[in-house]
Every structure is written in C-alpha cells, then in structure tokens.
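can you look at this prediction? I've put the sequence above it.
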Amino acid sequence: MTRFALSLASIGLTLLGVSVVVFAILRLVPGDPIAMMLPPGATDEVRANLERLYGLDKSIAQQYLIWLGDVVRLDFGTSTQFRLPVLEVILDRLPATLELVLLASLIAGLLAFTLSILAVWLQTPLATFVIDGLSGLAQAIPDFLWALIFILIVTLFLPNMPISGRFDPRTAQEFSTNFFLLESLVTLRFQAFAELMRYAILPATALALPLAAGITRVLKSSLEEAMAQDYVMLAQTKGKSRLTIVLGEALRNAMVPTIALTSVQLTFLIGGTVLIERQFSLPGIGSAAISAVLNRDLPLIQGIVMIFALIFILINLSSNGLYKLADPRLRKPR
Amino acid sequence: MSLLEVDTLSIEVHGAPVLRNVSLTINAAEIGGVVGESGAGKSMLGKAILGVLPRDARITHGAIRLDGQDLLSLSARHRRKLQSRTTAFIPQDPLTALNPCRTIGAQLAEVLPPTPRAHRLAEVIRWLDAVRIPSAAKVAKSFPHELSGGMRQRALIAAAFASHPRLVIADEPTTALDATVQKDVLRLIRELQQDTGVGLMFVTHDLCVVAKICQSVTVMHGGRIIEQAPCDQIITAPRHAYTRALLAATPRHDETGRGLEPIPPALLEQLITEAGTGNG
C-alpha cells in the first residue's frame, strides 16, 4: 500500500515538474496568442479586454497558479482555437490516437516476434541476412517517410484504398464512444471493423515498421545470447527440438531487454503520431497538437503535453511491472 | 556388448582436429573416468556422445554405438528422440545449467517418463527427496536463483537420473562446488549410479576424484588418448610419463607435506611433437 502511495506521489511530482517547465517555456517563446484571435484593425481596447478575459494581463507566476488551481478541479482551460474546454477537445481526440498507437504496437510486435524467432530458429545465413536486411531497411526509413511511400504506392496501384480520415463519412456508423475499432470489435460488428481497418492499416503500419525493426534487433540478439547458455544445451539433451527450445527456454530470458527497449521506443511512437495523423488527416491528439502550436493555442498545448507526459509515465510504470513478470529474479523474495 | 562404444572418433572444428582417433567403452553399471587438462577434448567427447556438438564441430571419422545402435547413422530427429530416453547429462556449472525463468519442478518434470499429470508433482518431489534436497515440495516451486549452488547441482543430478537413462555423462559435476559440497555430491552420484545400474562417464581433470569412484580411466591430452587402464593400475602403476606427471600435480589429502609437481614443459613439448608427427 505504501509502495502504491509512493508511486502515485512520484507521478504527481513528475507531472507538476513537466507543467512548470512547459508553462514557462510557452510564455517565454515569442508569439502572441491574442494577435492570432484579433480581427484586422481591432482597437487597443478590444485587445486589452481579450487579454483580461484570458488572464494574460497577469504575471506568469500568477497565471500558472490560476491554471494549476483549475487543473486540480479537472479544468484545463478553454482552447482559444476551438472555443471549447481543453479537456473536451482532448477526450474527443485521444481515442483515435490511442487506437492508432495500439494497432501500430500490435503490428510491430507481431512482425518483430515472428521475424526474430524465425531467424534464431532457422539459424541459416540466408534467413539471418534477409531478416537483418529487412529490419535495417525498416529502421533506416522514418515513419513519416514510410507514410509517404505507402500513400504513393496506394494512389498508384490501389485507388480504392482510403488514404485519409478514420472512416467513410458517407457510410458512417453509429458509435457511442470514439474508440471506433475497439467498439466495433466488442459489439461484434465485424463488417464495420473491417471497413475501419482499411483506414487504419496504413498509418498504423507506417508507425509500426521502425518500431518493429528496433524490437527485432534487440529480441533477436537476446534470443541468440540465450541460445548460447548452458541450460539450452541441457534442454537439447532432454530431446527438445530447436523450435521448442527457442519458444520454451530462450524467449522468456530474452524478454527483459526487449521490454526495456520497447517501452522507450513506444514513447517515440507516440511522438510519431503527431506527423502521421497530419499526413493521413486523422482527428487525433497529434494533429490537434500541430494546429494548437500553429495557432498559439496555449491552453491546448499545455493540456496535450500533460496528457503525453501522463502516458509516458504510465508506459514506464507498466514496463517496470512487466520486468518482474518476465524474470523471477527481479521479483521480491518470498 | 558394451553399453557405450566410441570407435576411433575424430572431430574437427574449422578444420582443426579437436579429437583424434578416440576409442573407449563403458559398460552398464560401470563408471568410466575421462581425465585430462583443459583443452584435452574430454568435454567435446561428452558432447559428441550426447549429440549436442556445437554447429562448427564436424565428425570426420569414427562411430558412436549405444547398445550396439550406431548413433551417427540415425537422423537428427530420431537420434534426439532415442537419446532423450537413453542418455542424460550432468553439467559442470549448476549456476548456468538451469533456466532462470522456470521453476525447478518444471525443469525436472519434463524429463520424467510419461506420467499422468496428477502424479507428476509427487514424482518430482520423490526425486528431489532422492537427492536429499530438504523441503522438496517447496523447492519444486522455487526458481533456480532461490537455491544454493550445491542444491542446484543436486536438482540437476535428479533431472539426469529421473529420465531412467541407460548412460549418464557427467561433465566435471563437482568442479564449480566448494570442497565439502563436492564430497557429498560425488557420493550422491555414485549411490544413484549403483542403485540404478546405469553406465556413467565421469569427465574430470581431477585424478583424485577418479581414484574414488571409477573402475576404468581414460587419460586424454590434446584430443588424443594417452593411456587407458583399470583405475587402480592408473593410480599405482601409471605407464605413460604424462599420467605420472598428472598424478604428481594432483593434491591428495592423505599425503601431507608432499609437494606438488607442475607438469614438466619438456613432456608437454614431447606430446605436441608426437601429435604433430601423426603418432596418435
């Protein structure tokens, strides 16, 4: 219980630190949010009124304390661009991003595990060459470039494949949440799910490829290292086939470095959604972040950064838990 | 017919010979010692018999027969299935030979002959008891890092005998243990061997250990056999100069005050020259 309270406190402290830094930076960089909102030829009086309305006439410290007081009551302010509460904008757009990240991680995990296990199982120079080559290629090209390549190929060869948006507005389905993919799965509407997947697969794969390459590299070398251990030779004398040994003996031992790298890469992946969502016109947090920056929408930027920080913290915490699940030596002694 | 017959076995690694014309036999219910310094090829011999040679090692000549069956003529799959039931291995280092992510019980249960699931745990506990591991039921659920080196080696010994093999190959099973534990483990191996009547190939660098438990001894150097004789003859009347030198270099508890003799460099040079001229 005390450990749980401690980790909650550390989450709170981290978020507080992030909020101070972001708040300060946003107000110190040049650029005037009020100027973005004013019509041409507005008088100084209108300007002063707006500044007072948004609290920008007060000192930065005062502004921060007011913001912090509101945040504690779950009020992140009002987006100057959408004229909506920041929390509403974020909750409206977060599902699209989370589904994209989830799908990309699934694709990356599937690719990485299949390829690494195949490479270590087959152990032939050709398999190693092909799989190292593929993962090198996937890693050398960044996700936004993969997105461009996919868009190019699809427009040339698969004109029916959608390259923007989450769904076809003409055949839009009724959903009670914004988690369209998950909801269609849970409610067993498989046809709707398949249709949504046609939209989701390209951005998710573009995000997934560099991640898959990273995981493949570390998983494959960890598996190879495990396969050189004494317990593997002992397992051979027990009559186990090589595939059984890779899956039953080596895989668990290769998990800790793989989890460590994946959790780091996952934070990059979430950063990567910013560009990918823009490229595929997905209404997620990432595209909201870009327009918030372009429009100097300070409350929204602040809110989005806090959400990203919270997600990063949760990823780190869960990877710590996963280490213990994978390796009994990291658990507390009984 | 002997249980194990190794017949003029030669092995190369990347074209360099590591075993040259090695022949030896081990009978059922007998312990055969294989003695030599590091690099003598004794572990390679054990791996060849078990069928777990490293990928870059190649058998260039010879045969390995178990109960008259030529193991090298079998398909890899057939050989693996056959040997999982007939041969077992006691490894050198108990700290690395158990999978750190799996419980002792799981690693022991998988070598048992087909056993109904409900009886498996009881059988595992029976084997842990048999190697005198205290609180066996708890140990069965433990992970390797929760046990001492001596306990882990006992669990490995249990795993070797639990598959009811005909032949057990022990590769320096006491080297990684401290002296007091060594004695117990050695006694345990000999007891189990006598109770089960398996043939045991005991690979070691320690002639003192050989003298205690082996019936016959093979002395190896540089991948070749130097001398092969019944154990008491090797200890009391070694014929080859290298065996005498090995004996002189072995500490013995019964002779206090006797100085240890390093192996004379001239002798090693002579052995290398002999090997070079193909005299072995």
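Done, it's in. Residues are numbered from 1 along each chain as shown, chains lettered A, B, ... in the order given.

so where's chain B uncertain?
Per-residue confidence for chain B (pLDDT under 70) gives these ranges: B:252-259, B:276-280.

and whichever residue of it sits closest to chain A, what element?
For chain B and chain A, the shortest gap (C-beta to the nearest C-beta) falls at residue B:84, measuring 2.3 Å. In this view, the C-beta of every residue, glycine as well, is placed from N, C-alpha and C. When elements are defined using DSSP states H and E, residue B:84 is found to belong to helix B:76-86.

for the residue nearest to the spatial centre of chain B, which non-adjacent residue is spatially closest?
Residue closest to the average C-alpha location in chain B (C-alpha atoms, centre = their mean): residue B:170, at 2.5 Å. Nearest-residue entry for residue B:170: residue B:90, 4.1 Å, with adjacent residues in sequence omitted and distances by C-beta to C-beta, 6 or more residues apart in numbering or on different chains.

which residues touch that neighbour?
B:153, B:156-157, B:160, B:168-171, B:173, B:189 (C-beta atoms under 8 Å, 6 or more residues apart in numbering or on different chains).

output the longest helix belonging to chain B.
As far as residue count goes, and with DSSP state H defining each element, the longest helix of chain B is helix B:179-196.

end to end, how far does stretch A:76-87 reach?
Across its full length, stretch A:76-87 reaches 6 Å end to end, with C-alpha to C-alpha, to the nearest Å as the criterion.

buried residues, that stretch. List them.
Of the residues in stretch A:76-87, those with enough neighbours to count as buried (16 or more other C-beta atoms under 10 Å in any protein chain shown) are A:76-82, A:85-87.

equivalent analysis for stretch A:318-327, please.
With the criterion 16+ other C-beta under 10 Å, stretch A:318-327 contains buried residues A:319, A:322-323, A:326-327.

and if you look at stretch A:176-194?
Here stretch A:176-194 shows A:178-184, A:189, A:192-193 as buried, counting by 16+ other C-beta under 10 Å.

what bridges to residue B:19?
The bridge-partner assignment for residue B:19, based on DSSP bridges, gives residue B:11.

wait, it touches residue B:11, no?
Yes - with contact defined as C-beta atoms under 8 Å, residue B:19 reaches residue B:11; the gap is 4.2 Å.

is it fair to say residue B:89 lies in a helix?
No - the assignment for residue B:89 is strand, going by DSSP: H, G, I helix; E, B strand; the rest coil, so no helix is present there.

how about the nearest residue to it, chain neighbours excluded?
Distances taken as C-beta to C-beta, 6+ apart place residue A:237 nearest to residue B:89, at 4.2 Å, with adjacent residues excluded.

phi, psi of the one you found?
With angles defined as degrees, to the nearest 10, residue A:237 sits at phi -70, psi -20.

so what pLDDT did the residue of the stretch 201-334 of chain A found nearest chain B get?
The shortest separation between the stretch 201-334 of chain A and chain B is 2.3 Å, found at residue A:239 (distances taken as C-beta to the nearest C-beta). We have a pLDDT of 92 for residue A:239.

still on that earlier bit, now for the contacts of residue B:90, which pair is the farthest apart?
The most widely separated members of the contacts of residue B:90, counting by C-beta to C-beta, are B:153 and B:169 (15.0 Å).

secondary structure element for residue B:203?
Under the criterion DSSP H and E, the helix or strand holding residue B:203 is strand B:199-204.

check which element follows that strand along the chain.
Heading C-terminal from strand B:199-204 (DSSP H and E), you reach helix B:207-213.

which positions within that following helix qualify as buried?
Applying a neighbour-count criterion of 16+ other C-beta under 10 Å, one finds B:207, B:209-211, B:213 buried in helix B:207-213.

can you report phi and psi for residue B:22?
Phi and psi for residue B:22, reported as degrees, to the nearest 10, are phi -90, psi 120.

counting neighbours, what do you get for the residue nearest to it when sequence neighbours are not counted?
Ranked by C-beta to C-beta, 6+ apart and with sequence neighbours excluded, the top spatial neighbour of residue B:22 is residue B:9, at 4.7 Å. Applying other C-beta atoms under 10 Å in any protein chain shown, we find 23 residues neighbouring residue B:9.

is residue B:9 located within a strand, as I assumed?
Yes - per three-state DSSP, residue B:9 lies within a strand segment.

related to what we said a few turns ago, now the angle between strand B:199-204 and the longest helix of chain B, please.
Regarding helix B:179-196 and strand B:199-204, their directions subtend 160 degrees when assessed with axes from the mean of the first three to the mean of the last three C-alpha atoms, to 10 degrees.

still on that earlier bit, dump the residue contacts of the residue nearest to residue B:89.
With contact taken as C-beta under 8 Å, 6+ apart, residue A:237 is in contact with B:50-52, B:83-84, B:87-89.

top of the residues you listed by neighbour count?
For the contacts of residue A:237, the largest neighbour count, defined by other C-beta under 10 Å, is 28 neighbours, found at residue B:88.

look up which residues are beta-bridged to that one.
With DSSP bridges applied, the residues forming beta bridges to residue B:88 are residue B:168.

who in the stretch 201-334 of chain A is up against chain B?
Proximity of the stretch 201-334 of chain A to chain B, by C-beta under 8 Å from any C-beta of the partner chain, involves residues A:229-231, A:233-241, A:249, A:252-253, A:326-329, A:333.

in helices only, show me those residues.
Secondary structure of those is defined by DSSP H; positions in helices are A:230-231, A:233-237, A:252-253, A:326.

returning to what we had before: got a PyMOL select line for the buried ones in the residues of the stretch 201-334 of chain A next to chain B?
The following PyMOL command selects only the buried members of these, with burial defined by 16+ other C-beta under 10 Å:
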select buried, chain A and resi 229+230+231+233+234+235+236+237+238+239+240+241+249+252+253+326+327+328
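
the helix or strand residue A:102 falls within close to chain B?
Counting by DSSP H and E, the element that carries residue A:102 is helix A:86-122. No - contact of helix A:86-122 with chain B (C-beta under 8 Å from any C-beta) is absent, the minimum separation being 12.6 Å.

same for the helix or strand following that helix, what does it pack against?
Downstream of helix A:86-122, the next assigned helix or strand under DSSP H and E is helix A:125-140. When contacts are defined as 3 or more C-beta pairs under 8 Å, 6 or more residues apart in numbering or on different chains; DSSP states H and E, helix A:125-140 sits against helix A:86-122, helix A:190-227.

where does the prediction get shaky in the stretch 201-334 of chain A?
If you take pLDDT under 70 as the line, the stretch 201-334 of chain A has these spans: A:334.
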